[in-house]
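Asks: Test case, fold it:
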Amino acid sequence: VIDLLVDEAPELCRSFLKLAKVYFYHNCIIDTVEKDFILTTGDPRQDGGTSIHGLYDRSKRWLPDEIDEKRKHVKRGLVGSANTKTNQNGSKFY
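Replies: Reported below is the predicted structural model:
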């Protein structure tokens, strides 16, 4: 079970739900583990991930950042979009 903050990150949440609906996340490996800190997953093709739009048009692979400066990850069990560059959010999460 996961609670999504749809009002705070509508595009990322919509993409996550649609990717889940088309079984994109099935058989995903955990690709990064840092003991007592973080793990990342959500990239079954190991190509950096993609938004739901990127499955059909690679030029629309990334979603913009939806950052709320008030939102902090201060307790265990919270998830967020994992990216390597600004405005490059796809299917990966931590």
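
Asks: quick one: residue 24 from residue 44, how far?
Replies: Distance of residue 24 to residue 44, given as CB to CB, to the nearest Å: 7 Å. In this view, the C-beta of every residue, glycine as well, is placed from N, C-alpha and C.

Asks: Of the two, give the one with the bigger neighbour count.
Replies: The neighbour comparison of residue 24 against residue 44 (other CB atoms under 10 Å) goes to residue 24, with 20 against 17.

Asks: Look up how far residue 45 lies from the more buried one.
Replies: 9 Å.

Asks: Any regions of the chain where pLDDT drops low?
Replies: By pLDDT under 70, the chain contains no weakly predicted segment.

Asks: Do a quick rundown of the strands in it.
Replies: Remark: strands assigned in the chain by DSSP state E are 32-34, 38-40.

Asks: Could you save the ones you listed as a markdown table and add columns showing mean neighbour count and distance to residue 16?
Replies: Formatted as a markdown table, the strands of the chain follow (neighbours: other CB atoms under 10 Å; distance: least, CB to CB, whole Å):
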| stretch | mean neighbour count | distance to residue 16 |
| --- | --- | --- |
| strand 32-34 | 10 | 18 |
| strand 38-40 | 14 | 14 |
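
Asks: Count the residues that sit near residue 88.
Replies: Residue 88: 17 neighbours (other CB under 10 Å).

Asks: now the strands of the chain in JSON lines, with distance to residue 68?
Replies: Listed next are those as JSON lines, based on distance: least, CB to CB, whole Å:
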{"stretch": "strand 32-34", "distance to residue 68": "24"}
{"stretch": "strand 38-40", "distance to residue 68": "19"}
